[in-house]
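Enquirer: Next input, structure requested:
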Amino acid sequence: MRLLACLLLCFPLVSLAAGGGAHLDRANIVPDDRQSLQRGARLFANYCLSCHSASYMRYNRLSESLGLTEAQIVENLMPAGGKIGSVMKVAMSAEDAREWFGTVPPDLSVISRSRGVDWLYTYLRSFYVDESRAMGVNNVVFPDVGMPNVLWDLQGTQKAIYAKHDGDHGEVLEGLEITEPGQLTPREFDRAIRDLVNFLAFMGEPAKQERISLGIKVLLFLFFFLLVAYFLKKEYWKDVH
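Expert: This is a model prediction of the structure:
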């Protein structure tokens, strides 16, 4: 059932404005927060990796960048029998995915770069019950999405709140309301999704923080060298002027 529940997991949620238009909530991720990345990696392995691969990310890269030991990765993130140097792929073949789901769930290696972290953060929090859909749910950000809410046990279930408007608009979706609580409070669930999105962003650009750190060091060196060059120039030309 987890495999079925995992179909097409990873696109965002939305907060609704009073006029019925949707806007994206700010993810406010902290890319250098290793604890957040570690929690996000565990959520990804437990809820996403059954259906979605991350074929550009190797497990041993998590040891280097997230501060995890190989034993922690093997115990908490890898499938049984996996190798630490392998990429994060699902066991399900593309042929089986097409037969069971009608499509191949997308690879999530660079989903944060194509969709954006705010989109992902909003999408993953905006599923609501819709009995007219085959999966029994719909999504505010991605209407008629073809995936279930795989995080429902953490979030609980939500229903759509509609309001009637004059004119041709009819009923307009104004918000979502929890009808059955999950394992986490809304605040805890928001933090969990923020951690997951943080990890998805890390996978999209795993060397980003290293580049930023190196760039800062280069700029500091150039500034220091500018001062040295300026005082050398003054010392060299002082007798001429």
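Enquirer: ok, Gly67 touching Arg34?
Expert: Yes - assessed by C-beta atoms under 8 Å, Gly67 is found in contact with Arg34 at 5.1 Å. (Glycine included, C-beta is placed from N, CA and C.)
Enquirer: so who does Asp195 touch?
Expert: Counting by C-beta atoms under 8 Å, 6 or more residues apart in numbering, Asp195 touches Ser36, Leu37, Arg39, Gly40, Leu43.
Enquirer: closest to Val117 among the residues you listed?
Expert: Gly40 (11.5 Å; C-beta to C-beta).
Enquirer: what kind of secondary structure is that closest one in?
Expert: Using DSSP: H, G, I helix; E, B strand; the rest coil, the structure places Gly40 in helix.
Enquirer: Setting aside sequence neighbours, what's the nearest residue to it?
Expert: Phe199 (3.0 Å; C-beta to C-beta, 6 or more residues apart in numbering).
Enquirer: Point me to the helix or strand that includes the residue nearest to the spatial centre of the chain.
Expert: The centre of the chain sits closest to Val197, judged by C-alpha atoms, centre = their mean, with a distance of 2.3 Å. If you go by DSSP states H and E, Val197 is part of helix 186-204.
Enquirer: how far does whichever helix or strand comes after that helix sit from the chain's center?
Expert: For helix 186-204, the succeeding helix or strand toward the C-terminus, using DSSP H and E, is helix 208-237. Centre-to-centre, helix 208-237 and its host chain are 36 Å apart (C-alpha atoms, centre = their mean, to the nearest Å).
Enquirer: Please apply the same query to stretch 131-151.
Expert: Taking the mean of its C-alpha atoms, stretch 131-151 sits 18 Å from the chain's own mean (C-alpha atoms, centre = their mean).
Enquirer: quick check: domain ranges of the chain?
Expert: Per the record, the chain has its domains at 2-206, 209-241, by automatic domain parsing.
Enquirer: Could you single out the most deeply buried of these?
Expert: domain 2-206 (a mean of 17; mean count of other C-beta atoms under 10 Å).
Enquirer: and that domain, average pLDDT?
Expert: Averaging pLDDT along domain 2-206 yields 85.
Enquirer: sorry, back to before: and the gap between the residue nearest to Gly40 and Ile216?
Expert: For Phe199, the distance to Ile216 equals 24 Å [C-beta to C-beta, to the nearest Å].
Enquirer: What ranges does the protein have for its strands?
Expert: Counting by DSSP state E, the chain has these strands, from start to end: 14-16, 22-24, 54-58, 87-88, 127-129, 137-139, 156-165, 170-181.
Enquirer: Which one of the ones you listed lies nearest to Leu226?
Expert: Comparing those by C-beta to C-beta, strand 54-58 comes nearest, at 38.8 Å.
Enquirer: tell me what the closest one is packed against?
Expert: strand 87-88, helix 186-204 (3 or more C-beta pairs under 8 Å, 6 or more residues apart in numbering; DSSP states H and E).
Enquirer: May I see these organised as TSV, with distance to Arg115 added?
Expert: As requested, those are arranged in TSV below (distance: least, C-beta to C-beta, whole Å):
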stretch	distance to Arg115
strand 87-88	18
helix 186-204	9
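Enquirer: Of those, which is nearest Lys234?
Expert: Of all the helices and strands packed on strand 54-58, it is helix 186-204 that lies closest to Lys234, at 46.5 Å by C-beta to C-beta.
Enquirer: for the closest one, the distance to its chain's centre please.
Expert: 6 Å.
Enquirer: got the angle for it vs strand 170-181?
Expert: 100 degrees (axes from the mean of the first three to the mean of the last three C-alpha atoms, to 10 degrees).
Enquirer: Okay, angle between helix 186-204 and strand 54-58 too, please.
Expert: Helix 186-204 runs at 80 degrees relative to strand 54-58, counting by the same axes, to 10 degrees.
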